[in-house]
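[1] Pasting the sequence and the predicted coordinates here, then a few questions.
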Amino acid sequence: MTTPEVILEEQGLRDGLQTLKTLIPTEKKLEWVDRLVAAGLRRIQLASFVHPRLVPQMADAEALFQQLRKHQGVVYSALVLNQKGVERAIAAGVEHLAISVSASDTHSQKNTRMTLEEAKADFRQNVQLARAHGIRVRAGIQCAFGCRYEGAIPAERVFDLIKHHLDAGADEIALADSTGMAHPVQMRYLISRALELCGPVPLALHLHNTENKGLANLFAAYEVGVRQFDTAFGGLGGCPFIPGATGNIATEDTVHFFRQMGVETGIDLEQVAAVSREVEAMTHAHLSGALYKIPARVSAP
């Protein structure tokens, strides 16, 4: 098998399903995990350890990790927002956590009920707790490219948060265009500086397609050196605390985009598309992706 030139982290089971009202049985989620692994995905975010009253779809986070059929070479991660989430993840045997801080003070308060400064202090404690239990941490910065409440986010604030996360002991850094407000010129500037700050620490990009610029921003980031991107099958996803937020860039669309450029992802588009079509049929949800709807023989280069 050809070694992938870029890494895609599948976020459909967490960022995607959390937006759906139809509750998916744990057994079905586990089946989709196996099928996504078979399709070639080697990083999958399964769930978030948050209060089930706020996000009912994530109520089975413990069960997912405890019943998971692990495959060698695959990273299974979860999202946490606070110390309680970290403690639950530790008890469930999670080995890789995503812990984030929003670059927007307003979004931070709506999403976690903490100011930015409070969230930074809480972040350090959570990273220390996770690492003390042998858990690798991907440190995220939400709303890094803009906020629907505050507008433009100062680049220096993002750079300071990267330094803060690295100093706290992060194993990876992830910048999130949570609102989909980024544009390619901004992307090139921020990513170029972020890569310099990160040095040997991997940098990932989490893109939403709210303003239909997701793949343009992906290409801009790829041109300056990013090789790890978050995607979601069918283009599912969105944050309930961001007005107008829509899904992530679709896994299938991203695989096709890179394939046309001759960049290897190691992922079978049609196998991922089959999962997207099943999700659509089960939930009657509108999936924003394009390629999952097109027969494989048509989407091939």
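    Right, received. Where do you want to start? Numbering: from 1, shown residues only.
[2] Local confidence estimate at T3?
    Model confidence at T3, given as pLDDT, is 81.
[3] Count the neighbours of it for me.
    The number of residues packed near T3 is 6, by other Cβ atoms under 10 Å. Placement of C-beta: from N, CA and C, glycine included.
[4] If you tally nearby residues, what's the number for I294?
    Counted with other Cβ under 10 Å, I294 comes out at 16.
[5] from now on call the first residue 23
    Noted, 23 is the first residue going forward, which turns the last one into I316.
[6] State the distance from it to F251.
    21 Å (Cβ to Cβ, to the nearest Å).
[7] Just want the phi and psi numbers for A198.
    Backbone torsions for A198, taken as degrees, to the nearest 10, come to phi -120, psi 130.
[8] what does I121 give?
    phi -130, psi 130.
[9] got the contact list for it?
    101-102, 108, 145, 148-149, 152, 159-162 (Cβ atoms under 8 Å, 6 or more residues apart in numbering).
[10] Leaving out the residues flanking it, which one is nearest to it?
    N148 (5.3 Å; Cβ to Cβ, 6 or more residues apart in numbering).
[11] just V28 next, same as before
    Per Cβ to Cβ, 6+ apart, closest to V28 is R249, 5.0 Å.
[12] quick one: contacts for the one you found?
    27-29.
[13] pLDDT weak spots in the stretch 23-172 of the chain?
    Of all residues in the stretch 23-172 of the chain, those with pLDDT under 70 make up the ranges 23.
[14] and if you look at the stretch 173-322 of the chain?
    Looking at the stretch 173-322 of the chain by pLDDT under 70, you get 260-268, 318-322.
[15] Which phi and psi values does L219 adopt?
    phi -70, psi -40.
[16] ok, now the one 3 residues further on?
    Phi and psi for P222, reported as degrees, to the nearest 10, are phi -80, psi -10.
[17] That one and C165: what is the separation?
    Counting by Cβ to Cβ, the gap from P222 to C165 is 26 Å.
[18] Show me which of the two is the more surrounded one.
    In terms of neighbours (other Cβ under 10 Å), C165 is the more surrounded of P222 and C165; the figures are 29 against 4.
[19] how about the strands in the stretch 223-323 of the chain?
    225-229, 250-253 (DSSP state E, counting those that start in this stretch).
[20] Can you name every helix or strand that the longest one contacts?
    Contact analysis of strand 225-229 by 3 or more Cβ pairs under 8 Å, 6 or more residues apart in numbering; DSSP states H and E lists strand 194-199, helix 206-220, helix 236-246, strand 250-253 as its packing neighbours.
[21] Try it again at 6 Å.
    strand 194-199, helix 236-246, strand 250-253 (3 or more Cβ pairs under 6 Å, 6 or more residues apart in numbering; DSSP states H and E).
[22] okay, those in CSV with distance to M80 next?
    CSV is the format used below for the helices and strands packed on strand 225-229 (distance: least, Cβ to Cβ, whole Å):
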stretch, distance to M80
strand 194-199, 18
helix 236-246, 24
strand 250-253, 17
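[23] so which of those comes closest to I213?
    Using Cβ to Cβ as the measure, helix 236-246 is the one of the helices and strands packed on strand 225-229 that comes nearest I213, at 4.9 Å.
[24] Remind me what that closest one packs against, helices and strands.
    Under the contact criterion of 3+ Cβ pairs under 6 Å, 6+ apart, helix 236-246 touches helix 206-220, strand 225-229.
[25] hey, which of those is tucked in deepest?
    strand 225-229 (a mean of 25; mean count of other Cβ atoms under 10 Å).
[26] just to revisit the earlier point, quick one, which of the helices and strands packed on strand 225-229 is nearest to L90?
    Across the helices and strands packed on strand 225-229, closest to L90 is strand 250-253 (Cβ to Cβ), at 19.7 Å.
[27] Partner strands of the closest one and their direction?
    strand 29-32 (parallel), strand 225-229 (parallel) (DSSP bridges).
[28] residues near the residue lying closest to Q88 once chain neighbours are set aside, how many?
    Spatial nearest neighbour of Q88, excluding adjacent residues (Cβ to Cβ, 6+ apart): A114 at 6.1 Å. A114 has 17 neighbours, counted by other Cβ under 10 Å.
[29] pretty sure A114 contacts E84?
    Yes - at 4.6 Å, A114 counts as touching E84 under the criterion of Cβ atoms under 6 Å.
[30] Buried residues, the helix or strand harbouring N148. List them.
    Element membership of N148 [criterion: DSSP states H and E] is helix 138-154. Buried positions in helix 138-154, judged by neighbour count with 16 or more other Cβ atoms under 10 Å: 138, 141-142, 144-146, 148-149, 151-153.
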